[in-house]
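Colleague: With the sequence up front, the predicted model follows.
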Amino acid sequence: MNNRQQLRDQLQLMIGKAFRSIAAAHRNVEEGDYDFASSRAYYAAFYAMEAVLLTKELSYSKHTGVISAFNQHFVKTDIFPKEFSKSISRLFRERQTGDYDFDLSIDEKDAKEDARIAEKIVNTIIQYLEQNGYR
C-alpha cells in the first residue's frame, strides 16, 4: 500500500468519526441533552478539520492549534468561506460551555444550530477532499 492510499484510509476513518459525532449530536438533541449535543457537533467539525489538515501533512496536539491552522491554511486562503472561522469559534465556545460550565447550559435552539453548522462544515470538507482526490 502506498502513502497516498494510507492517507486516504486515515482520512476515511477521521471522516467516519465526524459523521458519528454528527449523528450523536442529533440523538442528543432528540433526548434533550443539549450540552452534549453541542459538544458532539464541535467534535464533528474538529475531526473533519484534522482530516483536511492532514492533507497538508499538518497535525496538532491542541484544539486551538487545529483551529488556527485550519483558518490559516483553508479560510484565509479562500478555500473555505470566511464564515467558517466564526462558525468554528462558536462551536468551540459552545463545546466549552457544554463540557465545562456547570452554571450555564446550551438551549435546544443553540444545540440544533450547532449541529447544523457542524454538518455544513463537515460536508464542505468532504466535498473538498473528493474534489482533490482524497476520497
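Modeller: Right, received. Where do you want to start? All of these numbers come straight from a predicted model, not from anything done at the bench.

Colleague: And for residue 82, the neighbour number?
Modeller: Look at residue 82: counted by other CB atoms under 10 Å, it has 11 neighbours. Where C-beta positions appear, they are placed from N, C-alpha and C, glycine not excepted.

Colleague: Apart from its neighbours in sequence, what residue is nearest it?
Modeller: residue 75 (6.2 Å; CB to CB, 6 or more residues apart in numbering).

Colleague: for that neighbour, what are its contacts?
Modeller: When contacts are counted by CB atoms under 8 Å, 6 or more residues apart in numbering, residue 75 touches 81-82, 84-85.

Colleague: Most neighbours among these, which one is it?
Modeller: When neighbours are counted by other CB under 10 Å, residue 84 leads these with 21 neighbours.

Colleague: Which element, helix or strand, includes that one?
Modeller: According to DSSP states H and E, residue 84 maps onto helix 83-100.

Colleague: what's the answer for residue 44, then?
Modeller: According to DSSP H and E, residue 44 maps onto helix 34-54.

Colleague: quick revisit: any idea how far the residue nearest to residue 82 is from residue 130?
Modeller: Separation of residue 75 from residue 130 (CB to CB, to the nearest Å) stands at 19 Å.

Colleague: re the thing from before, okay, the contacts of residue 75 in CSV with distance to residue 63 and pLDDT next?
Modeller: Listed next are the contacts of residue 75 as CSV, based on distance: CB to CB, whole Å; pLDDT from 0 to 100:
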residue, distance to residue 63, pLDDT
81, 21, 97
82, 20, 97
84, 15, 98
85, 15, 97
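
Colleague: Assign a three-state SS to residue 106, would you?
Modeller: At residue 106 the chain is in coil, as set by DSSP: H, G, I helix; E, B strand; the rest coil.

Colleague: Contact partners for it?
Modeller: Contacts for residue 106 (CB under 8 Å, 6+ apart) come out as 34-35, 37-38, 94, 97-98, 114.

Colleague: Pop out the phi and psi values for it.
Modeller: Main-chain dihedrals, residue 106, degrees, to the nearest 10: phi -80, psi 140.

Colleague: how close does it get to residue 32?
Modeller: Distance, residue 106 to residue 32, using CB to CB: 11 Å.
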